[in-house]
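*Asks:* let me see the structure of the following:
(2 chains)
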Amino acid sequence: MRKLARLVGAVLLLGACLQMSGCWDMVEVSRASLMTGLALEPGHNGRILVTLEVLNSAETMSFEGGKGGSPSQLYSNEADTIVEAMIRMNEHLDRMLIPSHIRVIIVDERIAREGLDRFMDFVQRSRYVREDVTLLVSRGTKASDMLRVAYPDGMYAGFGIQSQVFNYHNNWGGVPDSFMYEVAQSAFSPGKELLLGAVTLDKKSDKEESVENSKKLDPQTLVRIAGSAAFRENRLIGFLSKEDTRMVLLVTNQLKRTTVSFPLDGQGKYAAIRLIRCHTSKKVQMIEGRPLISINVEAAGLVASMDDNLAIDKIHGYEQLDRLASEHLKESLTATIGKVQKQYKVDVFGFGEHLYRHRYHEFMPVSKEWNEQFAKAKVVVQVSVRIERSELKSRNQTQNKVVN
Amino acid sequence: MATYRFRQDRIENELRAHFGSSADLSLIPIRLADRDGLLCFLSTMTNSTFLMNNVVQPLLQASYREILFDSAEALDSLRLRLFGGLNTRLLEDPGHLPEWMTQGYAGLLLDGQDRMLLIHVQELEKRSIAEPTAQNVIRGPKEAFTESADTNMSMIRRRILNENLRFEKHVIGSKSNTSVYLAYLEGEADERLLNPIREKLRSARLTGLFDSGGLENELQSNRFYLFPTTYNSERPDSICSCLLDKRVALIVNGSPFVLIIPAQFTDFFKSPEDQYQWFVFGTFIRLLRYVAFLFSLTLPAFYVAVTCYHQELVPTLLLTSIMAQRQGIPFPAVVEMFLMEITFELLREAGTRMPRLVGQSISIAGALVLGEAAVQAGIVSNITVIIVALTAISGYVSPVYTFGANIRLFRFALIVLSSVIGLYGVILGCAYLLIHLTRIETFGVPYLSPLSRFSGKRSA
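*Replies:* Numbering: from 1, shown residues only, chains lettered A, B, ... in the order given. Presented below is the predicted three-dimensional model:
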């Protein structure tokens, strides 16, 4: 009898479970859409204009019934908070939104100047937004226009921009990798200011954007990476050029690979060195109330191209190239640091953080006004580039004529 | 003279009463040296050539002068001189005659004798040893057990040339009287294991036993165990290695599958072939089987949970692809999954049961009509078909078919759970399964025993 009672109980319990099927938070994917991009702009009366890029997944798969339609569509809404604008998106949109696969968040320059705090709380609080979303600042153009650019082969702007940033960061280093978690990281590390990637639009005509754009041989509109945006206490204060950004990344050890071109003799002949490993060691100390920053860059590279025919089949040829490359890199680095010190007066390099970690007692008295301290710091730069080899050939092909 | 028990006419009548009008009852009156006699046997338990060569010929050619038919030892001397090589015995009680005849003995009766001679003439047609059909290997012995227990025992004996090998006979089935042989290595197999098994065999209440599968259910300590607690194999090499491993085999006459007790969880992932290969490859394949087991258990449930509740777990590009495929599918993911799983089960069942000649039509209907066309018609999505196919293939990786079959049932439960509460349900189901596995015990051996030993005492 007890057995029977238990069996009946189990069946009833399972039955109740079945009744609740899907009551938890079931989303049927065939009736939902992915949200892949988010653009934030100032709206009317101090409200926020939120633009969402919503994926039309069938069109992103050209081999599975994509009919050449637009892979994504944009929906905008205005409200006092981002959450409200997003949740009310069904005023225009027919589907349920899945926010967890968002690829990029693009913040308009105008909002960024007012401060990121207003929207960061939402994205950090939400469990559906990943911490490794690419967070970018749009420079000189409306943020939502970035999402209007069509990429070829069913690629949508959100994913396209993310992969553009990723590849540029990895190959040349003109943009920080710009993940969302860096906002929190810089907030929690004293002596380091936030640096985010900046993007802008290259527009050749004023025509309406369409998918056709991506089918042209010469696309009329392109997203262009515009270096980086420097912040002070989460407010945008200015932009760094791509070259300057690269130097900042070199100092912060975030530079993966890059290529440096430098003049060989001042007569229009250049050499290009592909740097494959870079490492920067820093030393920051307070000397008589003034920070002394020593930077030591060590890099290894290989010869990618050379207009002149230096004798790099001999040791002295390599040594000459090493010296030229090091000098060039040192000049650019010093110039960049000087520029940031004078123009922006914010420590995007994280020298303060280095001091905080290594010489805590020296940092604490100046922690409140570290950026001012940084602006007047003395910087000593040392660069040593070591060229390990040439790529396939050691001599310039044109010089390799047959000698009788 | 009326008192003596073995009178020809009386025996004849008794046998006719016992066997009724059964057509295979042979009663052959004979005359030996001027005495009447009777040869009685069941023609279905022997064959005529054997009988002619071994019984009738010697009787005809014998010189009867040496045999004193009048003495009480006539049958004894007959047995010694004529049937020396055969298994013979003397019967005192005529009431047991039918019993012996069903076991393949022929009775030889001579007038004036107080006993009867029983000669073992069982010579049956049997299937010759063939290649295994359910448990194939590429490298390794290619013979499989047959339906005859004698052949099977001989195949084991041939491999283990050890005087300690025992075959203990038990008879099971109140009506079928099937012989079951308990095989073990004396001194190796533990008495604490043997005695409960003997007890089980003695107390088994079956009317008939026609395959070891029937005995398997009888030996299961709890009918609701989800996993088989006996291992079965049609491969002599696999059984022999288990015998050496201090285990016990049960050979059921009439079944080509021999049972091994006790079985552990890990046994169902072992193929004898693993031992015959380079150990690295064998280990790899064995690990692959565990992966396949997990696949066949959880993959459909995982898919349903992830697409319905946890889209954030899927890589973006994969999710876009899934969404694109599911566009316009009329059913929820779980219904779609059930539809395809049930379809596959139908196909599998039809494929196993149908006559071999119509095999082609099933594969065409299954592969083309149900797979391709269902996707084309937009009833199910491609990804579901892939999941179901992968699950199905994984289910057949286990070297023991019955193991995979039980898992299939639990898979359905997991799909229901996952459709109700998502990944949480899958985890709950798997946790239940793990607890269940740790609780199973067969004849004192924990089911997960090589992997985990919770009881310190028992492992010592």
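*Asks:* okay, strands next: where are they in the stretch 351-460 of chain B?
*Replies:* Using DSSP state E, counting those that start in this stretch, the strands found in the stretch 351-460 of chain B span residues B:441-442, B:445-446.
*Asks:* can you lay out these as TSV showing distance to chain A and mean neighbour count?
*Replies:* Using the backbone N, CA and C atoms, a C-beta is placed for each residue, glycine as well. Shown next, in TSV, are those (distance: least, C-beta to the nearest C-beta, whole Å; neighbours: other C-beta atoms under 10 Å in any protein chain shown):
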stretch	distance to chain A	mean neighbour count
strand B:441-442	20	21
strand B:445-446	25	20
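*Asks:* turn these into a markdown table, columns for mean pLDDT.
*Replies:* What follows is those, written out as a markdown table (pLDDT from 0 to 100):
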| stretch | mean pLDDT |
| --- | --- |
| strand B:441-442 | 86 |
| strand B:445-446 | 86 |
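*Asks:* could you count how many residues lie near B:T178?
*Replies:* 21 (other C-beta atoms under 10 Å in any protein chain shown).
*Asks:* partner residues bridging it?
*Replies:* Beta bridges link B:T178 to B:I172 when assigned by DSSP bridges.
*Asks:* mind checking the pLDDT average for stretch B:305-318?
*Replies:* Averaged across stretch B:305-318, pLDDT comes to 90.
*Asks:* just the pLDDT at A:E233, thanks.
*Replies:* 87.
*Asks:* from B:F403, how far off is it?
*Replies:* Shown here: A:E233 relative to B:F403, a distance of 64 Å by C-beta to C-beta, to the nearest Å.
*Asks:* next: B:L209.
*Replies:* 22 Å.
*Asks:* neighbour-wise, which of those two wins?
*Replies:* Taking other C-beta under 10 Å, B:L209 and B:F403 do not tie; B:L209 has more neighbours (24 against 20).
*Asks:* A:I276 contacts A:V260, correct?
*Replies:* No - if you go by C-beta atoms under 8 Å, A:I276 and A:V260 don't touch, sitting 11.7 Å apart.
*Asks:* can you give me how far stretch B:356-375 is from the chain middle?
*Replies:* Mean-position distance between stretch B:356-375 and its chain equals 31 Å (C-alpha atoms, centre = their mean, to the nearest Å).
*Asks:* contacts for it next, please.
*Replies:* Counting by C-beta atoms under 8 Å, 6 or more residues apart in numbering or on different chains, stretch B:356-375 makes contact with B:340, B:343, B:347, B:350-351, B:354, B:380-382, B:385, all of which sit outside it.
*Asks:* mind jotting down where the helices sit in the stretch 51-200 of chain A?
*Replies:* A:57-60, A:82-87, A:109-114, A:117-125, A:143-146, A:157-171, A:181-188 (DSSP state H, counting those that start in this stretch).
*Asks:* let me fix that: the stretch 51-200 of chain B
*Replies:* Ranges of helices within the stretch 51-200 of chain B are B:57-61, B:74-82, B:97-102, B:149-159, B:191-203, based on DSSP H, counting those that start in this stretch.
*Asks:* list the buried residues in the following helix or strand past the longest one.
*Replies:* Note on helix B:191-203: by DSSP states H and E, the next helix or strand toward the C-terminus is helix B:212-219. The neighbour-count check on helix B:212-219 (16 or more other C-beta atoms under 10 Å in any protein chain shown) flags B:212, B:214-216, B:219 as buried.
*Asks:* same check, this time on stretch A:256-267
*Replies:* Within stretch A:256-267, the residues scored as buried using 16+ other C-beta under 10 Å are A:256, A:258, A:260, A:262, A:264.
*Asks:* returning to what we had before: overlap in contacts, A:I276 and A:V260.
*Replies:* A:G301.
*Asks:* in chain A, what residue lies closest to chain B?
*Replies:* Residue nearest to chain B within chain A: A:S100 (3.3 Å; C-beta to the nearest C-beta).
*Asks:* could you measure from B:F338 over to chain A?
*Replies:* Counting by C-beta to the nearest C-beta, to the nearest Å, the gap from B:F338 to chain A is 13 Å.
*Asks:* for the strand or helix carrying that residue, packing partners?
*Replies:* Assigned by DSSP H and E, B:F338 falls within helix B:333-353. Here helix B:333-353 touches helix B:279-308, helix B:359-363, helix B:382-395, helix B:401-421, going by 3 or more C-beta pairs under 8 Å, 6 or more residues apart in numbering or on different chains; DSSP states H and E.
*Asks:* which stretch in those helices is the model least sure about?
*Replies:* Minimum mean pLDDT among the helices and strands packed on helix B:333-353: helix B:359-363, a mean of 77.
*Asks:* need the next SSE after the biggest helix by length in chain A, C-terminal direction.
*Replies:* What stands out as the longest helix in chain A, according to DSSP state H, is helix A:315-339. On the C-terminal side of helix A:315-339, the closest following helix or strand by DSSP H and E is helix A:351-358.
*Asks:* got the contact list for that following helix?
*Replies:* Contacts of helix A:351-358 (C-beta under 8 Å, 6+ apart): A:189-192, A:282, A:284-286, A:291, A:293, A:362-363, A:367, A:370-371, A:373-374, A:377.
*Asks:* from these, list just the buried residues.
*Replies:* A:190-192, A:282, A:284, A:286, A:291, A:293, A:363, A:370-371, A:373-374, A:377.
*Asks:* with mean neighbour count and mean pLDDT as extra columns, can I get the helices of the stretch 51-200 of chain A in CSV?
*Replies:* Output for the helices of the stretch 51-200 of chain A, formatted as CSV (neighbours: other C-beta atoms under 10 Å in any protein chain shown; pLDDT from 0 to 100):
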stretch, mean neighbour count, mean pLDDT
helix A:57-60, 24, 80
helix A:82-87, 18, 90
helix A:109-114, 18, 92
helix A:117-125, 15, 83
helix A:143-146, 24, 92
helix A:157-171, 20, 93
helix A:181-188, 16, 88
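*Asks:* redo these as TSV? Include distance to chain B.
*Replies:* Output for these, formatted as TSV (distance: least, C-beta to the nearest C-beta, whole Å):
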stretch	distance to chain B
helix A:57-60	4
helix A:82-87	16
helix A:109-114	26
helix A:117-125	14
helix A:143-146	18
helix A:157-171	7
helix A:181-188	16
